[in-house]
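A.B. asks: Mind folding the following:
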Amino acid sequence: MFDGFTTRRIATAGAEINLVLGGAGPPLLLLHGFPQTHAIWHKIAAGLARDFTVVAADLRGYGDSGKPPGGADHAGYAKRAMAQDQVEVMAALGHDRFFVAGHDRGGRVGHRMALDHPDRVAKLAVLDIVPTHKIFAATNQAIATDYYHWFFLIQPYDLPERLIGGDPDYYLRRKLGGWGAGAGAFADEAMAEYLRCFRDPATIHASCEDYRAAASIDLRHDEADMTRKIECPLLALWGLRGIMEKHFDVLAAWRERARDVRGRGLACGHFLPEEAPAETERELRAFFAP
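C.D. replies: Coordinates of the predicted model:
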């Protein structure tokens, strides 16, 4: 799926991170979301690599990256820890300052990275999310229904792990087919990769820890930074057939947390790089252009 790219594994202080690397030009870090891997970028990575040095990484806990313990307070999957991994990865590749595009959980990692490492993140694009704190503060019956997995996955170990582990293929296909996307949005080879990785019980557990962290330590970190704003330019893209469009004014939500915000909705559901690859690539290239 990534012809012309090389596969690397880079050890950080907290995990080993799996990634693919290709292209030339300004460095661009691509981060995926739940329940996927770096394969979400396979339709647009080669195009972006014509203008950028593209690094598409698996977050800790996902894909072929390491799966460290979460700990009693789930700090092992705090977005602060996940962001630190990626900063160390980019430094190991020789990039002290770079662009970041994050979809779903990857966007949440990017949000935290821009706050914790403002000297490293030159520009940030977030795909189909609003800030974590905003979602929890706004939750009502409708949001909880559409985002039920946020509240299912945070249940204590090992309830969600056992239930998902009973039929991980069903759960993953059901999640990918929702959020405004149809099953036809996903290439066979990408779906096979998602299934391969999600069948690992360690991945299921790590993804639950990711969400448990979001509902605990991440909120504490966010609340400590409520008076700070992201200083770098921020692009927000979202699906007009997805949950964000249904429940939030996406640009207004990000303007509460960042100083320089632009963006628009695309005619698709949640999985922008796979459902609307040409538009997503075009928007990212224009935003990250020097």
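
A.B. asks: Let me know how buried residue 202 is, in neighbour terms.
C.D. replies: Residue 202 is flanked by 12 other residues according to other CB atoms under 10 Å. (C-beta placed from N, C-alpha, C; glycine too.)

A.B. asks: Name all residues that make contact with residue 9.
C.D. replies: 16, 17, 18, 19, 64 (CB atoms under 8 Å, 6 or more residues apart in numbering).

A.B. asks: Tell me the one of these nearest residue 103?
C.D. replies: residue 19 (15.4 Å; CB to CB).

A.B. asks: Please, which helix or strand holds that closest one?
C.D. replies: In the assignment (DSSP states H and E), residue 19 maps to strand 16-23.

A.B. asks: got it, and residue 150?
C.D. replies: helix 148-152.

A.B. asks: And residue 54, by the same measure?
C.D. replies: Counting by DSSP H and E, residue 54 is part of strand 53-57.

A.B. asks: and the helix or strand following that strand, how far out from the chain's middle?
C.D. replies: Remark: after strand 53-57, the chain's next helix or strand is helix 79-92, criterion DSSP H and E. Relative to its chain's centre, helix 79-92 lies at 13 Å (CA atoms, centre = their mean, to the nearest Å).

A.B. asks: buried sites along helix 79-92?
C.D. replies: By 16 or more other CB atoms under 10 Å, the buried positions in helix 79-92 come out as 79, 80, 81, 82, 83, 84, 85, 86, 87, 88, 89, 90.

A.B. asks: What is the nearest of these to residue 50?
C.D. replies: Looking across the buried residues of helix 79-92 and measuring by CB to CB, the closest to residue 50 is residue 90, at 20.1 Å.

A.B. asks: list the contacts for that closest one?
C.D. replies: By CB under 8 Å, 6+ apart, the neighbours of residue 90 are 27, 29, 55, 96, 98, 120.
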